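Q: can't give you the sequence, but here's the structure:
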């Protein structure tokens, strides 16, 4: 399960914009000879899958599209599917690339759409874009001759071929695997290297002792929905020198209870911000609820708003990390 997408706030850090310019300054140099037509085997979660170079890729949500755009693959992207609660693409560091491709749908990903548009690659996450219930899975697309790629982070609970990795490592793995599929390995190496440098810079400056307990609040009133250890916010919190109070849960996005939150006494609450439940409404709820109003983070007004696309798997995770680390530094301890 993944958090529901949403509308977002306008600002993105200048560092993110700078990174976007650097990463999209030129298109990837993809071979057009017979080598590009040949198959290359790349892992899709826990299975090895043959790929030819896609020419009509469909990306589901911002994390998928951002990965492709960061690799300079705009010319190989047919379009994107973006449910209405997603933040506007105009606010993305890759807004110029989004403008060059088609907005295919503002609904959930479905098989009919990718078939009708003759897509040759679908990039999405398990239980996010791909879904047994909605009848669009990698296995189904394989039978239709349509290639598919899944976010490694989401492979944690992919039935049949699961794969487990730390969320940031999953991001790097995705970029490297997409680099192999599109034959832009050198570009992928550069992009991953730049992201790792930014992560290392934050990590080296982070507190090494007494990590602040942090609760990520996605949604929920009777029971809160939060982040376990298998989604990017866990790595954002840990790398910044704090501690996710639910890092012991070997889950992705998951439901807990308020008693567990109260016992953990979080000093900081991260609000995952998306449109149908704006951050302000969530903060108001936490301030008014008798189960949360006395939490240390609430009494101290220590809320950090994390943009949806900084919380799901994608290059913007690192923007979220840098912002959160800066926020922690600003707190009086």
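A: Structure's in. What do you need? Predicted model only: the values in this text are computed from it and were never measured. Numbers count the residues shown, from 1 in each chain.
Q: Report how many residues lie close to the residue nearest to residue 137 when sequence neighbours are not counted.
A: Leaving out its chain neighbours, the residue that sits closest to residue 137 by Cβ to Cβ, 6 or more residues apart in numbering is residue 130, at 5.3 Å. (Each C-beta comes from the backbone N, C-alpha and C, glycine too.) By other Cβ atoms under 10 Å, 23 other residues sit near residue 130.
Q: Quickly list what residue 130 is bridged to.
A: Here residue 130 sits in beta bridges with residue 126, going by DSSP bridges.
Q: and it, how far is that from residue 81?
A: Computed as Cβ to Cβ, to the nearest Å, the residue 130 to residue 81 distance reads 12 Å.
Q: overlap in contacts of those two?
A: Counting by Cβ atoms under 8 Å, 6 or more residues apart in numbering, the shared contacts of residue 130 and residue 81 are residue 109.
Q: Helices of the stretch 201-333 of the chain, start to end?
A: Ranges of helices within the stretch 201-333 of the chain are 232-239, 258-264, 279-288, 296-299, 308-311, 317-330, based on DSSP state H, counting those that start in this stretch.
Q: helices or strands up against the fourth one?
A: Meaning helix 296-299. Helices and strands touching helix 296-299, as assessed by 3 or more Cβ pairs under 8 Å, 6 or more residues apart in numbering; DSSP states H and E, comprise strand 268-273.
Q: Residues in contact with the strand it packs on: which ones?
A: The contact list for strand 268-273, computed with Cβ under 8 Å, 6+ apart, reads 3, 6, 8-9, 212-219, 227, 233, 237, 242, 279, 282-283, 286, 295, 297-298, 302-308, 311, 324, 328, 331.
Q: And those, which of them are buried?
A: Buried subset of the contacts of strand 268-273 (neighbour count, 16 or more other Cβ atoms under 10 Å): 3, 6, 8, 212-219, 227, 233, 237, 242, 279, 282-283, 286, 295, 297-298, 302-308, 311, 324, 328.
Q: Can you identify each of the strands in the stretch 101-250 of the chain by residue range?
A: Counting by DSSP state E, counting those that start in this stretch, one finds strands in the stretch 101-250 of the chain at the ranges 102-105, 121-124, 147-150, 213-217, 225-227, 243-244.
Q: Indicate each strand paired with the third one and its parallel or antiparallel sense.
A: Sheet pairing here is set by DSSP bridges, and for strand 147-150 it gives strand 121-124 (parallel).
Q: Unless I'm misreading it, residue 302 sits right up against residue 331, doesn't it?
A: Yes: Residue 302 sits in contact with residue 331 when judged by Cβ atoms under 8 Å, with a separation of 6.5 Å.
Q: for stretch 181-196, the distance to its chain's centre please.
A: Centroid separation between stretch 181-196 and its chain, computed with Cα atoms, centre = their mean, to the nearest Å, is 17 Å.
Q: and it, what's its mean pLDDT?
A: Taken as a whole, stretch 181-196 has a mean pLDDT of 98.
Q: Wait, residue 265 touches residue 214, no?
A: No: the criterion here is Cβ under 8 Å, and residue 265 misses it with residue 214 at 11.1 Å.
Q: residues near the closest residue to residue 129 other than its chain neighbours, how many?
A: Spatial nearest neighbour of residue 129, chain neighbours left out: residue 60 (3.4 Å); criterion: Cβ to Cβ, 6+ apart. Neighbour count of residue 60, defined by other Cβ under 10 Å: 25.
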